[in-house]
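**Student:** What shape does this take:
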Amino acid sequence: MRICQVDEEISLELLELKHAEVLFRLTDENREQLGQWLFWAYDTKEVGDSVAFIQSTLHAFAEGKSLAAAIMVRGELAGVIDYHAMVPAHGRAEIGYWLGKAHQGRGIMTRACRAFIGYGWSEKNLNRIVIMADVENAASRAVPQRLGFTLEGVMREWEVKESGKRDMALYSILRREWTEN
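**Tutor:** Numbers count the residues shown, from 1 in each chain. Got it, this is the predicted structure:
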């Protein structure tokens, strides 16, 4: 199911079981890079792990708590973007995202986020959107910065990874602040 057409190159589709094998392969090929920032990368060891992840996102989607989308670039799965920690009663959600290395550095994530944010305002009636990124992940932090988010602060020792306790930068934007930059 197509969520939105970002541009002539990129579309966002509801992440479904049909994506499981390709999602696992993409995760496997990018495990080292993803593992620096995302704790789940090393726990995804077989296709069944991707199936379980997709099933959990579909269940949460049915409950109105999240929306996970496959980022499709010219029909190829390139990464994932999602709304999680959705609280419809308060109109807020957090965006998470990742791209395979072959698709990085071309503005794909910024364009996908811009469209996904617009979808959140119009279709999910969101008022506040948050993006958190490891303070040392410059590429991930650049996305909310390019999109006009406000850095609210740093969540100290927010996550624990193999490399130790990690700080997370917290960015937010309100609907009234959004421009289609």
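**Student:** what residue ranges in this protein are flagged as low confidence?
**Tutor:** Of all residues in the chain, those with pLDDT under 70 make up the ranges 162, 180-181.
**Student:** same thing but 80
**Tutor:** 35-36, 39-42, 159-164, 180-181 (pLDDT under 80).
**Student:** how about the strands in it?
**Tutor:** 2-5, 10-14, 67-73, 76-87, 92-99, 128-134, 150-161, 164-174 (DSSP state E).
**Student:** May I see the buried residues of the first one?
**Tutor:** The reference is to strand 2-5. By neighbour count with 16 or more other Cβ atoms under 10 Å, strand 2-5 contains the buried residues 3, 4. The way it works is simple: take the backbone N, C-alpha and C, and place the C-beta from them, glycine included.
**Student:** And for the third one?
**Tutor:** Buried positions in strand 67-73, judged by neighbour count with 16+ other Cβ under 10 Å: 67, 68, 69, 70, 71, 72, 73.
**Student:** Comparing the strands of the chain, which comes out most buried?
**Tutor:** strand 67-73 (a mean of 23; mean count of other Cβ atoms under 10 Å).
**Student:** Quick one: residues in contact with that one.
**Tutor:** 3, 9-16, 19, 23, 54, 57, 61, 77-84, 86, 97, 99, 103, 108-109, 112, 116, 124 (Cβ atoms under 8 Å, 6 or more residues apart in numbering).
**Student:** Stretch 124-138 too?
**Tutor:** 36-37, 67, 83, 85-86, 88, 90-96, 113, 117, 120, 140-141, 143-144, 149, 154-155, 158-159, 166-175.
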